[in-house]
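Colleague: how does the following fold in three dimensions:
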Amino acid sequence: MTLTQFLEEYQTVVRVSLTRIRGSSPREAGAEMFVSPDGVYGTIGGGQLEYLALDQARAMIVQGRQHMAMDVPLGPEIGQCCGGRVDLSLDRLDAAARQTAVQRAQDAAAAWPEVLIFGAGHVGRALSVALAPLPLRVRLIDSRAEELARARAAEGCLTAFPEREIARAGTAAAFVVATHDHALDFLLAGEALQRRDASYVGMIGSATKRARFERWLRQTEAAAGADRLVCPMGQVGLGDKRPEVIAAFVATDLLQAFAAQNAWQGAEMAQ
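Modeller: Presented below is the predicted three-dimensional model:
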C-alpha cells in the first residue's frame with residue numbers, strides 16, 4: 001500500500017513526525033508515520049517509542065484533538081535502550097495537509113534511484129520481487145510479452161530495442177543485464193558501461209562469460225572498459241545459484257552502490 005492509498009482509505013489520520021533527536025534514536029529526524037483508528041503507514045522506529053506514539057495518536061482521534069507534542073526519553077523509563085531522547089509532533093491531517101503529504105511523498109519517490117533490469121526471466125523476476133519494498137524505481141525490460149506478464153513486482157517495459165532504455169535512464173541509474181541471449185547481454189552491458197554516471201552495471205553469468213565479454217569489448221570501439229562490470233553477480237562463494245538467492249545478493253550490492261554514489265536523495269516515504 002502507498003501513502004496515497006492509505007489516505008484514500010482512511011478519513012481520519014494523524015501524522016507523527018520525529019522532529020528532534022538528542023543522542024541515539026531508532027530513526028532519523030524527519031521520519032514520519034501516519035496513524036488511523038485501526039491502521040498505520042510508515043514507522044518512527046518501532047519498539048516502545050512507536051507504541052506510545054500510536055496510543056497518543058489514537059487518543060487524539062477519539063478526543064478530537066488537532067495537535068500535541070511528545071518529549072520521550074529512550075531509556076529504562078519506557079523499556080527502550082537507545083539512550084537518547086526524541087521530540088515528536090502529532091498532527092491531525094486536514095485536506096490541505098493530506099495534499100501536501102501526498103505531494104511530498106510523490107516528489108521523494110521521483111528522486112529514488114533508478115534500477116533497470118534487462119530480462120524478465122527467473123533472475124530478473126526474482127530481483128524485481130527483492131527490490132519491490134525498497135525506495136527504488138524499478139523497471140523490468142524485455143521483448144517477450146509473455147515473460148513480462150509473469151512479473152508482478154515492477155513496472156514492465158515491453159520493447160524490441162532495450163538498448164534505447166539505457167540512453168533514456170536518469171543520472172546514477174543501475175543496470176542489471178540478465179536476458180535470455182548472450183549476444184544481447186553483451187550489447188546491453190557494453191552500452192551501460194558507456195554511461196559513466198552509472199551507479200552499477202551487472203551482468204548475469206560466469207567467469208568464463210565475463211572473459212568472453214571482455215574479448216568482445218576489446219574488439220569494439222567502446223571507450224569504456226570492463227573494470228566496472230560486476231560479473232558474475234550475486235556470487236559470494238556459497239555456490240547457490242537459485243534465482244532468489246542471487247537476487248538477494250544483487251539487491252545488497254545495489255544498495256551499497258547507491259550509497260557509495262550518494263544517490264538516495266533523502267527520500268523517506270513511498271507515495
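
Colleague: all contacts plus neighbour counts: C-alpha atoms, from now on.
Modeller: Will do.

Colleague: next one: M33 from Q99, what distance?
Modeller: 16 Å (CA to CA, to the nearest Å).

Colleague: for these two, indicate the residue with more neighbours.
Modeller: M33 (21 against 14; other CA atoms under 10 Å).

Colleague: helices or strands up against the host helix or strand of the more buried one?
Modeller: When elements are defined using DSSP states H and E, M33 is found to belong to strand 32-35. Applying 3 or more CA pairs under 8 Å, 6 or more residues apart in numbering; DSSP states H and E, we find strand 32-35 packed against strand 14-22, strand 40-42, helix 47-63.

Colleague: of all the ones you listed, which lies closest to E163?
Modeller: For E163, the closest of those is strand 40-42, at 36.6 Å, according to CA to CA.

Colleague: related to what we said a few turns ago, which positions within the strand holding M33 qualify as buried?
Modeller: E32, M33, F34, V35 (16 or more other CA atoms under 10 Å).

Colleague: enumerate every residue touching the first one.
Modeller: E32 sits next to R15, V16, S17, L18, G42, T43, I44 when contact means CA atoms under 8 Å, 6 or more residues apart in numbering.

Colleague: bridging residues for it?
Modeller: S17 (DSSP bridges).

Colleague: any idea how far L18 is from it?
Modeller: 6 Å.

Colleague: hey, what's in contact with both of these two?
Modeller: In contact with both E32 and L18: I44, using CA under 8 Å, 6+ apart.

Colleague: after the helix or strand of the chain with the lowest mean pLDDT comes which helix or strand?
Modeller: When each helix and strand of the chain is scored by mean pLDDT, DSSP states H and E, helix 207-219 comes last, with a mean of 89. Moving toward the C-terminus from helix 207-219, the next helix or strand (DSSP H and E) is strand 229-230.

Colleague: mind listing what the residue nearest to A207 when sequence neighbours are not counted touches?
Modeller: Excluding the flanking residues, the one nearest A207 by CA to CA, 6 or more residues apart in numbering is P232, at 6.3 Å. P232 is in contact with G202, M203, I204, G205, S206, A207, R210, counting by CA under 8 Å, 6+ apart.

Colleague: report how many residues lie close to the fourth one.
Modeller: Counted by other CA under 10 Å, the residues lying close to G205 total 17.

Colleague: per-residue confidence at it?
Modeller: In the prediction, the pLDDT value recorded for G205 is 90.

Colleague: circling back: ok, the buried residues of strand 32-35 vs R168, which is closest?
Modeller: E32 (33.0 Å).

Colleague: test my guess that A160 contacts G119.
Modeller: No. At 11.9 Å, A160 and G119 do not qualify as touching, with contact defined as CA atoms under 8 Å.

Colleague: between the buried residues of strand 32-35, which sits nearest R228?
Modeller: Distances from R228 to the buried residues of strand 32-35, taken by CA to CA, are shortest for E32, at 37.1 Å.

Colleague: how far away is the closest one from D240?
Modeller: For E32, the distance to D240 equals 38 Å [CA to CA].

Colleague: measure I61 to D94 for me?
Modeller: For I61 relative to D94 (CA to CA), the value is 13 Å.

Colleague: neighbour-wise, which of the two wins?
Modeller: I61 (17 against 14).

Colleague: give the contact list for that one.
Modeller: Neighbours of I61 in contact, by CA under 8 Å, 6+ apart: T12, V13, V14, P37, R92.

Colleague: which of the residues you listed sit farthest apart?
Modeller: Farthest apart among the contacts of I61 by CA to CA are P37 and R92. That separation is 11.9 Å.

Colleague: I am finished for the moment; much appreciated.
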